[in-house]
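Give the three-dimensional model of this entry:
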Amino acid sequence: MGGVLVGVGPWAGELTALHERFVHRFARSEPCESALACMRGLIAPLERKNGWTLAEEAGHAGPDRIHRLLNRIDWDADEILDDVREYVGEHLGDPQAVLIVDDTGFLEKGVRSAGVQRQYSGTAGRTENCQVGVFLAYATGRGRTLIDRRLSLPVSWTDDRERCRRAGVDDTVVFETKAAIARAMVRRAIEEKIPFGWVSADAGYGYSKSWRSELEQADVFHVMATARHDTVVTRWALDHPVHALLHDLPRQKWKRRSGGNGAHGPRVFDWARVEVRPWHREDRRHWVIARGSVSRPEEISYYIAYCPARTTLDELIHVAGNRWAVEECFQTAKQECGLDDYQVRRYPGWHRHITLAMAAHACLTILRARELDTGKAETDPPASSR
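Numbering: from 1, shown residues only. From the prediction side, this is the model:
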């Protein structure tokens, strides 16, 4: 999405229009109004976006109304998220969009917040006391935003039902791996007919053979990162390590390409691919793709792709490079929309705050896409003069 370059007037009006999509989700006017006030505060240029600052921005005497919205009043955040997904689909919908799965950590103190424990946080790059949320991003050429989320509950939580109840976790919520949560999110996107062309994920998710098989059976094209010791079927072996396939590949088979733009400009790597699974249907192909560091050639990452037979290496690189869009979503949603600025400990409260922050992020993403469209329209010459 880049920096948020829209003025207060446009985002206030667009946020109100988005809010009108889900006013019917609230039984009373107070939580409905508080939800809009909360989203306005999450977009506002506040240094911190907690109950007090959001209340002050809304003109409330104190944080009670925001706290009631997130912790006590009955409303279904999943229903509102359905409305946000529909909104994103209407304004950014693209049959070539990429669905990207990833997780992010939320650093926490104490042991009472739902799902918190010492666990690896990709945000911190190390093991920390944190919560971990699994997210699904929607990336197109016009913008990218988050369209699904779930708080991951470790076994230490789901094995202690009394602790779960104190944190608002229903007895029906059982342990699921992060990969299982991701699979459910992609299934939901398919069921809701969200337009997309590809699924992508890092190796923590892409290493799952069963998930790749499920996607293939549904004829969902994908480029999934995997570990070097993952195995594939070739004409020579049933379990061939992916790293061995590209070990002796001639230098001319490698292509230097950008995998997309990063914080410091284009991310340039050396790329190569080898076809596997020789007995598949004629109009589909399976590939193992390698991405090598230009400065450190011994550092190689691997991907497994399922795609139409005509798909070029450059197209697969484009999909693989789109995986970084989810990191951009996390960064902008945290910096601009208060995704990690919450003071809720209970499981429903986490999902409510995150949903409203995602709605705010979707609003800004769509406004930014319109700005880019308008700029393009203003700079492009009329068709008759081309």
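
In the stretch 201-350 of the chain, mark out all the helices, start to finish.
203-206, 209-217, 242-245, 313-322, 325-337, 347-379 (DSSP state H, counting those that start in this stretch).

Now do the first one, average pLDDT.
Which is helix 203-206. Per-residue pLDDT values across helix 203-206 average out to 95.

Just checking, which helix or strand of the protein averages the lowest pLDDT?
Of all helical and strand segments in the chain, the minimum by mean pLDDT, DSSP states H and E falls on strand 255-262, at a mean of 79.

low-scoring pLDDT stretches of the chain, where are they?
Judged by pLDDT under 70, the chain has its weakly predicted residues at 1-9, 261-265, 278-279, 376-386.

Please identify the buried residues of stretch 117-129?
Judged by neighbour count using 16 or more other Cβ atoms under 10 Å, the buried positions of stretch 117-129 are 117, 119, 121, 122, 123, 128, 129. No exception for glycine: its C-beta is placed from N, CA and C like everyone else's.

and the gap between the residue lying closest to residue 292 once chain neighbours are set aside and residue 286?
For residue 292, the nearest residue in space outside its immediate sequence neighbours is residue 270; the separation is 4.2 Å by Cβ to Cβ, 6 or more residues apart in numbering. From residue 270 over to residue 286 the distance is 21 Å, taken as Cβ to Cβ, to the nearest Å.

cool, and residue 29?
If you measure residue 29 against residue 286 using Cβ to Cβ, the figure is 55 Å.

picking that back up, now the least confident helix or strand of the chain: how far from the chain's centre is it?
21 Å (Cα atoms, centre = their mean, to the nearest Å).

Okay, now the sheet partners of that strand, with direction.
Each strand that pairs with strand 255-262, with its direction, by DSSP bridges: strand 265-276 (antiparallel).

Specify the angle between the partner strand and helix 313-322 in degrees.
Computed by axes from the mean of the first three to the mean of the last three Cα atoms, to 10 degrees, the angle separating strand 265-276 from helix 313-322 equals 120 degrees.

any idea whether the residue nearest the centre of the chain is helix, strand or coil?
The structure's the chain has its C-alpha centroid closest to residue 137; by Cα atoms, centre = their mean the separation is 2.8 Å. When the structure is reduced to helix, strand and coil (DSSP: H, G, I helix; E, B strand; the rest coil), residue 137 reads as strand.

looking at it, it is touching residue 102, isn't it?
Yes: between residue 137 and residue 102 there is a contact under Cβ atoms under 8 Å: 7.2 Å.

got any residues that touch both of the two?
Residues within reach of residue 137 and of residue 102 at once, by Cβ atoms under 8 Å, 6 or more residues apart in numbering, are residue 326.

What residues does the residue nearest to residue 292 make contact with?
Contacts here follow Cβ under 8 Å, 6+ apart; on that basis residue 270 touches 254, 255, 256, 291, 292, 293, 294, 297.

closest to residue 94 out of the helices of the stretch 201-350 of the chain?
Within the helices of the stretch 201-350 of the chain, the stretch nearest residue 94 is helix 347-379; the backing value is 10.7 Å (Cβ to Cβ).

Can you point out the buried residues in the closest one?
Buried residues in helix 347-379, counting neighbours by 16+ other Cβ under 10 Å, are found at 347-370.

Kindly report the same for stretch 325-336.
Counting neighbours by 16+ other Cβ under 10 Å, the buried set in stretch 325-336 is 325, 326, 327, 328, 329, 330, 332, 333, 334, 336.

Just the closest of the residues you listed to residue 185, please.
After measuring the buried residues of stretch 325-336 against residue 185 - Cβ to Cβ - the closest member comes out as residue 326, at 12.1 Å.
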